[in-house]
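Sequence and predicted structure are below.
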Amino acid sequence: MQNNLVRGACFAAAALCLAATSNADGITSAEKSDVMADFDIVETKVTIEGENAVFTSRVRGAAGATKPAATGKFEGSDVHAYVWPTSLNSADVGFEKDQGIVALAATFHPDFDDGAKGAKNSDKWHAHWVVLGKHEQCKGGLRVVDIPEGAKPKVPETWPGVPLLIDSPEYATELSGQTAVVRVPMAAVSAVKDAKFDGVTAGLRVNANLHAPLLCVQDVFKIASGDLSLPGVVK
């Protein structure tokens, strides 16, 4: 069901569905000159190294070079993200079961902080778990799943208190050279072993009216596999 959902989002951005190959080391993608170099994914992999699962995306340019312009307000503001959609269940990362597509994201958004327990993070690239769902009002076909007003679903301890299925763990996140890397402790998400994954670069936008969907995938810059089929396997 999750694969059908992400493929539907890919069809919404059909021009960006490109040929790619998967191998033991991850997913390799052909360069595409009409994608910004720092979002043009050429390799995506997730490997287990000691006590960490290491999520890596390599791009044609300098990873993290382009950041959203600050607007001075939350509503209508933008988020840039390097994203790893996975086959994990939402229960594996601390939410209710079967809520949507679980993805790890390295994000930058200068107009708001969403760290756990009020921590500041608007001045740096940082990691989130997000649960994505298909939504026709979002240009990119997907949204971060909203928490309805009055609902009290199960959320992780590091949930930032916003009405979204989003988590703000303090994972080591580094964008340097051509790579975006997030290190996830295996103790936190043991189910990541043998999980399937993909890679995406995207821009998200906070709804100008602050209504559901609150946070939409606005632009899909590139999909590593070409069709969000999650061909990578964590090894």
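Now that the structure is in, tell me what you want to look at.

so where's this structure uncertain?
Scanning the chain with the threshold set as pLDDT under 70 gives 1-25.

I'd like the distance between the closest residue to Lys154 other than its chain neighbours and Thr66.
In this structure, Lys154 finds its nearest non-sequential neighbour in Glu96, 5.0 Å apart by C-beta to C-beta, 6 or more residues apart in numbering. Any C-beta I mention is one placed from the backbone N, CA and C, and that applies to glycine too. Relative to Thr66, Glu96 is positioned 35 Å away (C-beta to C-beta, to the nearest Å).

Just give me the neighbour total for the closest residue to Val233 other than its chain neighbours.
Once flanking residues are discounted, Val233 sits nearest to Lys196: 5.8 Å by C-beta to C-beta, 6+ apart. By the criterion of other C-beta atoms under 10 Å, Lys196 has 18 neighbours.

same check, this time on the one 5 residues further on
Burial measure for Thr201: 27 neighbouring residues, criterion other C-beta under 10 Å.

Confirm that it lies within a strand, as I assumed.
Yes: counting by DSSP: H, G, I helix; E, B strand; the rest coil, Thr201 is found in a strand.

That one bridge partners, please.
Beta-bridge pairing for Thr201 (DSSP bridges): Tyr82, Lys222.

Is it correct that it is in contact with Trp84?
No: using C-beta atoms under 8 Å, Thr201 makes no contact with Trp84, being 10.7 Å away.

okay, and the common contacts of these two?
Contact criterion C-beta atoms under 8 Å, 6 or more residues apart in numbering; residues shared by Thr201 and Trp84: Ser57.

about what we covered before: Glu96 and Thr66: which is more packed in?
Counted by other C-beta under 10 Å, Glu96 and Thr66 do not tie: Thr66 has more neighbours, with 17 against 13.

Could you list the buried residues of stretch 34-49?
Val35, Ala37, Asp38, Phe39, Asp40, Ile41, Val42, Glu43, Thr44, Lys45, Val46 (16 or more other C-beta atoms under 10 Å).

let me fix that: stretch 170-183
Result for stretch 170-183 [16+ other C-beta under 10 Å]: buried residues Tyr171, Thr173, Leu175, Gln178, Thr179, Ala180, Val181, Val182, Arg183.

do you know how far Lys152 is from Glu96?
In terms of C-beta to C-beta, Lys152 sits 11 Å off from Glu96.

Quick check: neighbours shared by these two?
With C-beta under 8 Å, 6+ apart applied, the contact sets of Lys152 and Glu96 do not overlap.

Let me know the closest of the buried residues of stretch 34-49 to Pro163.
Pro163 lies nearest to Phe39 out of the buried residues of stretch 34-49, by C-beta to C-beta, at 28.1 Å.

For the residue lying farthest from the centre of the chain, identify the helix or strand it belongs to.
Computed with C-alpha atoms, centre = their mean, the residue of the chain farthest from its C-alpha average is Gly150, at 26.3 Å. Assigned by DSSP states H and E, Gly150 falls within no helix or strand.

contacting residues for it?
So Gly150 contacts nothing (C-beta under 8 Å, 6+ apart).

Out of the buried residues of stretch 34-49, which is nearest to Gly61?
The nearest one, if we look at these relative to Gly61 and count by C-beta to C-beta, is Ala37, at 2.7 Å.

ok now do that closest one, which residues does it touch?
Contacts of Ala37 by C-beta under 8 Å, 6+ apart are Val59, Arg60, Gly61, Ala62, Ala65.

Give me the buried entries from those.
Val59, Arg60, Gly61.

right, and out of those, which lies closest to His80?
Among these, and counting by C-beta to C-beta, the member closest to His80 is Val59, at 12.2 Å.
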